[in-house]
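In: Sequence and predicted model, in that order:
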Amino acid sequence: MARSRAAQEPGRESSGGTAEIAEIAEITETPAADPMQDIVGRVRDITRANERLFARLIEGERRFRGLAKAVWKVQEEEQRRLARDLHDGLGQTLTALTHQLERLREKLGALPPEAAAHLDDSIETARLALNETREMSRLLRPPVLDDLGLAVALAWLARTLEQRTGLKVELALDPLDERLDSDLETLVFRLVQEALTNVVKHSGVDRARVSVRRSGERLELEVADSGQGFEPRAVLGKGSTVGSGLRGIRDRLELFGGRLELVSTPGEGTVLSATVPLTESVAESTEPGEAR
């Protein structure tokens, strides 16, 4: 409770002869601040600061995704350009060379055995170079992916792998009502391509299963084999010198707000599962670090 005390002393005589009373000081006691209010205020300030930091984190994550996705798109566009150049440039040149050698063989008719053998070898070499150039062009960027969509491109990939490596791929593809976004189709194709390449290189089996289906606003895919298997933590862990392909799959999925799940045991095969949002809005709603 506030209280006051006035100290007085005689003043000088005024013109009326009356002593002037002067007030020296008035002391007012202020009640002490409430400690709980101080704590609540500090907590409120810390909460607001954390909210600002979290908002900056979200914005930084969004910008990073945008930048990394732009780099990925540039890489895909460069692969598309290289594929076109191989097909239209080197491929056409090798086609012309093969036809010229074949016509030369026909015009020359009967040749000495050694000369005929050399010319036949040259024709075969030109044909092999042409086929390899076409195959490289398709693997860099298969035209069917742009022209006919994901399902046809995956079917082509399965046939190509069986012809080149002997791997038999069982496809289970749910029909989609419409074409997916071009970037999303490219992402899924690359993920399946990389996963099947790992099966060929490391599983030790000649069969694999690929499934792709839509679940609400997300696309789910799975690549499974019954091969040698491995320890996922040893491959995906920090500092690992192996498994760069799988880490690449994980990183690309995270750019699109997706996530990777890997189940594998040595000697018992591997199941790679991935989910990815079908729309940009769903991808942006994914919290930073949610994709694993």
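Out: Structure's in. What do you need? Residues are numbered from 1 along each chain as shown.
In: C-alpha from now on. contacts and neighbour counts both.
Out: Fine.
In: Looking at the helix or strand where residue 58 lies now, give me its mean pLDDT.
Out: Take DSSP states H and E as the rule and residue 58 turns out to sit in helix 35-85. Averaging pLDDT along helix 35-85 gives 83.
In: Past it, which element shows up next along the chain?
Out: Once helix 35-85 ends, the next helix or strand along the chain (criterion: DSSP H and E) is helix 91-108.
In: Quick check: which helices or strands does that next one pack against?
Out: Counting contacts by 3 or more CA pairs under 8 Å, 6 or more residues apart in numbering; DSSP states H and E, helix 91-108 packs against helix 113-140.
In: Angles on the backbone of the nearest residue to residue 268 once chain neighbours are set aside, please.
Out: Nearest in space to residue 268, with sequence neighbours left out and distances taken as CA to CA, 6 or more residues apart in numbering, is residue 229 at 5.7 Å. Backbone torsions of residue 229, given as degrees, to the nearest 10, read phi 70, psi 180.
In: Below-threshold pLDDT in this protein: ranges please.
Out: For the chain, the stretches with pLDDT under 70 are 1-33, 237-244, 280-292.
In: Pick out the residue closest to the middle of it.
Out: residue 252 (1.5 Å; CA atoms, centre = their mean).
In: Could you report the distance from that residue to residue 140?
Out: 17 Å (CA to CA, to the nearest Å).
In: how far away is residue 234 from residue 247?
Out: When distance is defined by CA to CA, residue 234 is 12 Å away from residue 247.
In: Those two: who's more crowded?
Out: Taking neighbours as other CA atoms under 10 Å, residue 234 and residue 247 compare with residue 247 leading, 16 against 13.
In: how would you label that one: helix, strand or coil?
Out: Taking DSSP: H, G, I helix; E, B strand; the rest coil as the rule, one finds residue 247 in the helix state.
In: Hmm, it is touching residue 233, no?
Out: No. Counting by CA atoms under 8 Å, residue 247 stays clear of residue 233, with 11.3 Å between them.
In: burial of the residue lying closest to residue 255 once chain neighbours are set aside, as a residue count?
Out: Leaving aside its sequence neighbours, residue 255 sits nearest to residue 65 (CA to CA, 6+ apart; 5.3 Å). Residue 65 has 18 neighbours, counted by other CA under 10 Å.
In: How far off centre is stretch 179-191?
Out: On the basis of CA atoms, centre = their mean, to the nearest Å, stretch 179-191 sits 11 Å off its chain's mean C-alpha point.
In: hang on, the earlier thing: ok, now which ones touch the residue nearest to the centre of the chain?
Out: Shown in contact with residue 252 (CA atoms under 8 Å, 6 or more residues apart in numbering): residue 187.
In: Could you measure from it over to residue 71?
Out: Applying CA to CA, the value for residue 252 to residue 71 is 11 Å.
In: Also residue 134?
Out: To residue 71, residue 134 is 26 Å away according to CA to CA.
In: If you count surrounding residues, which of these two has more?
Out: Using other CA under 10 Å as the criterion, residue 134 and residue 71 rank with residue 134 on top: 20 against 12.
In: What separation do you get for that one and residue 141?
Out: 11 Å.
In: What of residue 261?
Out: From residue 261 over to residue 141 the distance is 26 Å, taken as CA to CA.
In: out of those two, which sits in the more crowded spot?
Out: Comparing residue 261 with residue 141 by other CA under 10 Å, the one with more neighbours is residue 141, at 21 against 15.
In: Tell me which residues touch residue 208, please.
Out: Counting by CA under 8 Å, 6+ apart, residue 208 makes contact with 167, 168, 169, 170, 196, 199, 223, 224, 225, 226.
In: Looking at strand pairing, list the partners for the fourth one.
Out: Translated: residue 170. In this entry, residue 170 is beta-bridged to residue 209, by DSSP bridges.
In: Tell me the spacing between it and residue 208.
Out: 6 Å.
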